[in-house]
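> the amino acid sequence is not available; the structure is as follows:
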């Protein structure tokens, strides 16, 4: 029986992890009462008695939680931004390479990827790793996400009976071009230039589409859209959760993978320009689904369990 503690179970990601795991007969969930949920001593005991601890916390609280762990056998899966660029932590995107998967399998410290970052990295990492696009390419990324990514306060704002009219429209944010996912997008892909990232929060609950345009004449090895599609098919060959698909309708909806741990890559464009899209559930492969997948891999279990 795997003992699991979810530190921050009241948040969106923590609740989704709990909902997925509570149905499993191979998992025992360590729970704290509401009065002890923020008690440091109680959290420390729970963290050190767990086989796997999920951290669904703000960055500073996640760092504090790690400092409380004295039991070296505890596997920590951190859903915050705090450790995603730390080389001592495994970056929890197993499909990127054999090396990424092996580090997840052997590490007791796993940083769960960010939701937007998962889409961007899924698109850009294979291009850089194959040498088709240079590390200095000036990437631009546009993305839309459901409002569940805004956390409990943001959800309450969107679901309030009386709300601002502006919430009905897609809202561009991170206007200083310093979104918290940019460091991992840059580091994991091995880029020498930070990408320009323009995210929008929209009036639907969950789902995400991350878009990266490419100029063919800016690639080190120019490929057609078909060639790029084949590159992705080869890179993610055999993957259960990352697939390369087709969208025949002429429109790409952001919410068609909701409730799954899937990430779908779509390639469109014309002779001189290519449009890359990664579609995923920001609460699935972008958060709780990825966290459970990482737990399954780290414990040597079937990746599909709970997913």
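Arrived safely, thanks for sending. Please read these numbers as outputs of a predicted model, since none were measured by experiment.
> can you name every helix or strand that the longest helix along the chain contacts?
Taking DSSP state H as the assignment, the helix of the chain that covers the most residues is helix 115-129. The helices and strands touching helix 115-129, judged by 3 or more C-beta pairs under 8 Å, 6 or more residues apart in numbering; DSSP states H and E, are strand 140-146, helix 182-189, strand 196-202, strand 208-215, helix 225-235, strand 263-269, strand 273-280. (Glycine included, C-beta is placed from N, CA and C.)
> and of those, who's closest to residue 7?
helix 182-189 (21.0 Å; C-beta to C-beta).
> list the buried residues of the closest one.
By 16 or more other C-beta atoms under 10 Å, the buried positions in helix 182-189 come out as 182, 183, 184, 185, 186, 188, 189.
> and if you look at stretch 291-304?
Residues of stretch 291-304 classed as buried: 291, 292, 293, 294, 295, 296, 297, 298, 303 (neighbour count, 16+ other C-beta under 10 Å).
> which helix or strand contains the fifth one?
In this structure, residue 295 is located in helix 289-298 according to DSSP states H and E.
> quick check: angle from the longest helix of the chain to strand 273-280?
Using axes from the mean of the first three to the mean of the last three C-alpha atoms, to 10 degrees, the inter-axis angle of helix 115-129 relative to strand 273-280 is 130 degrees.
> check the offset of helix 115-129 from the chain's centre.
11 Å (C-alpha atoms, centre = their mean, to the nearest Å).
> what inclination does it have with respect to helix 182-189?
Going by the same axes, to 10 degrees, helix 115-129 makes 30 degrees with helix 182-189.
> buried ones in helix 115-129?
115-128.
> and the next element down the chain from the helix or strand bottoming out on mean pLDDT in the chain?
Lowest mean confidence among the helices and strands of the chain (mean pLDDT, DSSP states H and E): helix 151-159, at a mean of 90. Following helix 151-159 in sequence order, the next helix or strand is strand 171-172 (DSSP H and E).
> about what we covered before: and the least confident of the buried residues of stretch 291-304?
The lowest pLDDT within these belongs to residue 303, with 94.
> give me the three-state assignment for that residue.
Classification of residue 303 by DSSP: H, G, I helix; E, B strand; the rest coil places it in coil.
> same question for residue 29.
Assignment for residue 29 (three-state DSSP): strand.
> list the contacts of it.
By C-beta atoms under 8 Å, 6 or more residues apart in numbering, the contact list for residue 29 reads 4, 5, 6, 18, 21, 22.
> what about the third one, distance to residue 19?
Which is residue 6. From residue 6 across to residue 19, the span is 11 Å (C-beta to C-beta, to the nearest Å).
> and if you look at the first one?
The gap separating residue 4 from residue 19 is 13 Å, by C-beta to C-beta.
> thinking again about what came up before, what about residue 6 and residue 19, which has more around it?
Comparing residue 6 with residue 19 by other C-beta atoms under 10 Å, the one with more neighbours is residue 6, at 28 against 11.
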